[in-house]
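Student: build me a model from this:
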Amino acid sequence: MSYEHLTLGERYVIYHLKLCNFSLREIGRRLGRHHSTISRELERNGPAAPGSPYWHQTAHAKALERRN
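Tutor: The predicted structure is shown next:
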């Protein structure tokens, strides 16, 4: 199965849509991604402390670090 990593731009969209309290399904729909992709992104690269905001730049850096 082929897949593409999330881009910094997609993470930026996730950041803004999460701030506006959009559902994971709606975020996925707007990005053309499955909602489970969004869920995994927030789980793996999201904030360490519950209730903290998701920061796209930090999330992208975490993903790149894990990829290398």
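Student: give me the buried positions along stretch 20-28.
Tutor: Of the residues in stretch 20-28, 22, 24, 27, 28 count as buried by neighbour count, 16 or more other CB atoms under 10 Å. C-beta: built from backbone N, CA, C; applies to glycine.
Student: identify all contacting residues around it.
Tutor: Identification of contacts with stretch 20-28 by CB atoms under 8 Å, 6 or more residues apart in numbering yields 13, 14, 17, 18, 30, 33, 34, 35, 37, 38, 39, 42.
Student: centre of the chain to that stretch, how far?
Tutor: Relative to the chain's own centre, stretch 20-28 is displaced by 11 Å; criterion: CA atoms, centre = their mean, to the nearest Å.
Student: and that stretch, end to end?
Tutor: Across stretch 20-28, the terminal residues are separated by 14 Å (CA to CA, to the nearest Å).
Student: mean confidence score for it?
Tutor: This predicted structure assigns stretch 20-28 an average pLDDT of 97.
Student: just to revisit the earlier point, save the contacts of stretch 20-28 as CSV, and put in distance to residue 66, secondary structure and neighbour count too.
Tutor: What follows is the contacts of stretch 20-28, written out as CSV (distance: CB to CB, whole Å; DSSP: H, G, I helix; E, B strand; the rest coil; neighbours: other CB atoms under 10 Å):
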residue, distance to residue 66, secondary structure, neighbour count
13, 21, helix, 17
14, 17, helix, 27
17, 23, helix, 19
18, 21, helix, 18
30, 25, helix, 14
33, 19, coil, 19
34, 20, coil, 14
35, 22, helix, 15
37, 16, helix, 18
38, 17, helix, 25
39, 17, helix, 15
42, 15, helix, 16
